[in-house]
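S.K.: Coordinates only, no sequence provided:
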């Protein structure tokens, strides 16, 4: 199974039967699968519902999902409502302290809890986390290099340095589905950093280092 399968199925507006899904997922029984959740599947109510149903289903079939979600459009909307214009350089969000407060509010607050509630409504036992919890994700500050060689400070944006899978594994061993907001501790365990997720789908053990960018 590819990680994109859940999202692709949601886009088609269908969900597999338990028997069909069991056959597809049998090779992954007992394994951890990281599901990256974003884009239109987060924006449309029907797709959100199908996604949450699929996550709850695969957990009952013995796969151990970890959901890592985005929230860029939602961050932009709240910033505009608060009178702050989003600022991007080379497609990357510039994140000052004020913007970081909004990012945390959206990612670790409203979006994370909505996903947890939706999965739980379909019988899953979801728990919301961000990478700062228990030092789960630590990040290094990112410096963006322009094509002309100039370095630009993006603020509190970082790259994943280390991932401690122990908190996730503890939850999984007791039947829970971790739902992770892409925030991580900055250098020296300091202020949170915003991590941008990689656009490439993947699956594997949680102990494998995640790829992508983080808010610090």
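M.R.: Nice, thanks for sending it over. From a predicted model like this one, the values you see are computed outputs, not experimental measurements.
S.K.: so where's the chain shaky on pLDDT?
M.R.: Scanning the chain for pLDDT under 70 picks out 1-23, 188-192, 195-216.
S.K.: Counting residues, which helix of it comes out longest?
M.R.: helix 45-60 (DSSP state H).
S.K.: Counting by contacts, list what it packs against.
M.R.: helix 4-12, helix 18-25, strand 32-37, helix 40-43, strand 64-69, helix 112-121, strand 177-181 (3 or more Cβ pairs under 8 Å, 6 or more residues apart in numbering; DSSP states H and E). For the C-beta atoms, the positions are set from N, CA and C on the backbone; glycine is no exception.
S.K.: Report back the residue of the chain that's furthest from centre.
M.R.: Taking Cα atoms, centre = their mean, the residue of the chain most remote from its mean C-alpha position is residue 148, at 32.0 Å.
S.K.: Tell me which residues of stretch 173-186 come out buried.
M.R.: 176-186 (16 or more other Cβ atoms under 10 Å).
S.K.: Run the chain-centre distance for that stretch.
M.R.: Centre-to-centre, stretch 173-186 and its host chain are 8 Å apart (Cα atoms, centre = their mean, to the nearest Å).
S.K.: Can you give me the end-to-end span of stretch 24-38?
M.R.: End-to-end span of stretch 24-38 (Cα to Cα, to the nearest Å): 23 Å.
S.K.: list the contacts for residue 106?
M.R.: By Cβ atoms under 8 Å, 6 or more residues apart in numbering, the contact list for residue 106 reads 71, 74-75, 78.
S.K.: Secondary structure of it: a strand, I assume?
M.R.: No. Counting by DSSP: H, G, I helix; E, B strand; the rest coil, residue 106 is not found in a strand; it is helix.
S.K.: and the top strand by length along the chain, how far out from the chain's middle?
M.R.: The longest strand of the chain (DSSP state E) is strand 151-163. Put simply, strand 151-163 sits 16 Å off its chain's centre (Cα atoms, centre = their mean).
S.K.: Could you list the buried residues of that strand?
M.R.: Buried residues in strand 151-163 (16+ other Cβ under 10 Å): 154-161, 163.
S.K.: How about stretch 117-133?
M.R.: 118-119, 122, 124, 126-133.
S.K.: was I right about residue 133 contacting residue 167?
M.R.: Yes. Assessed by Cβ atoms under 8 Å, residue 133 is found in contact with residue 167 at 6.6 Å.
S.K.: Now the common contact residues for those two.
M.R.: Here residue 133 and residue 167 share no contacting residue, scored by Cβ under 8 Å, 6+ apart.
S.K.: Can you name the residues that contact residue 99?
M.R.: Per Cβ under 8 Å, 6+ apart, neighbours of residue 99: 79, 84, 86, 93, 155-156.
S.K.: what about it, is that helix, strand or coil?
M.R.: Secondary structure state of residue 99, per three-state DSSP, is helix.
S.K.: Can you convert the buried residues of stretch 117-133 into a markdown table and add a column each for distance to residue 50?
M.R.: Below are those laid out as a markdown table (distance: Cβ to Cβ, whole Å):
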| residue | distance to residue 50 |
| --- | --- |
| 118 | 10 |
| 119 | 12 |
| 122 | 10 |
| 124 | 13 |
| 126 | 16 |
| 127 | 21 |
| 128 | 20 |
| 129 | 23 |
| 130 | 25 |
| 131 | 27 |
| 132 | 30 |
| 133 | 28 |
